[in-house]
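# Dropping the sequence and predicted coords here.
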Amino acid sequence: MRNVPCNLPSRSICARHAFMILLLVGSLSIISACASSTRSAHNPHPQTIRVTVLDSASGKPVAAIEVRIHSDNGVRCITAPCPTNAMDWKGFTDAEGMFKLPKKILQQSTTITATGHSAGKDLGRDASKSKPDEWVIELDPDR
């Protein structure tokens, strides 16, 4: 072990160096905690998708309507039991025609229907994706 110069006798631990080591370890802990809280505050992988619903006739956002999502794994069976992993979700668009859909709802087949609009479209196939987590879907109004 190498001798480190300090004002204390050589056999004892140098208090100044011990303090610096403790300070370094404490600083690293604080930096690590800040880095993990920053990652969670600005999650690079959001758990939701922002979906904007547009009226296909007017091209305008459809505000304050009930939206229903039905998804399954795409399995189609002739006889039961049929493990489709079906899931349903319901929500409302905001004033800009947007709603947040949990990503866990998305599957091979994900159908969207909305109040005042004709039968559902496949959200995964028919939506335009301006960004990975921002989708826009046009729905046909009831006639």
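Now that the structure is in, tell me what you want to look at. Numbering: from 1, shown residues only.

# the helices in this protein, which residues?
With DSSP state H as the criterion, the chain has helices at 15-41, 123-126.

# Quick check: beta-bridge partners of the closest residue to Trp89 other than its chain neighbours?
Excluding the flanking residues, the one nearest Trp89 by C-beta to C-beta, 6 or more residues apart in numbering is Ile69, at 4.3 Å. Just so you know, the C-beta spots here come from the backbone N, C-alpha and C atoms, and that holds for glycine as well. In this entry, Ile69 is beta-bridged to Trp89, Ile112, by DSSP bridges.

# how many other residues sit next to Ile69?
Ile69 has 22 neighbours, counted by other C-beta atoms under 10 Å.

# Select from the helices of the chain the stretch with the lowest mean pLDDT.
Here the lowest mean pLDDT among the helices of the chain goes to helix 15-41, at a mean of 50.

# can I assume the residue nearest to Trp89 is in contact with Leu101?
Yes - counting by C-beta atoms under 8 Å, Ile69 does reach Leu101; the two are 6.4 Å apart.

# okay, and the common contacts of the two?
Taking C-beta atoms under 8 Å, 6 or more residues apart in numbering as the criterion, Ile69 and Leu101 both touch Trp89, Leu123.

# For the residue nearest to Trp89, list the residues it contacts.
Met87, Asp88, Trp89, Lys90, Leu101, Ile105, Thr110, Thr111, Ile112, Leu123.

# just checking, Glu66 touches Thr113?
No - using C-beta under 8 Å, Glu66 is not in contact with Thr113, being 9.1 Å away.

# Let me see the ranges of the strands in this structure.
48-55, 66-72, 87-92, 98-102, 109-114, 121-122, 128-131, 134-139 (DSSP state E).

# and the angle for the fifth one with strand 66-72?
For strand 109-114 and strand 66-72, the angle between their directions (axes from the mean of the first three to the mean of the last three C-alpha atoms, to 10 degrees) works out to 170 degrees.
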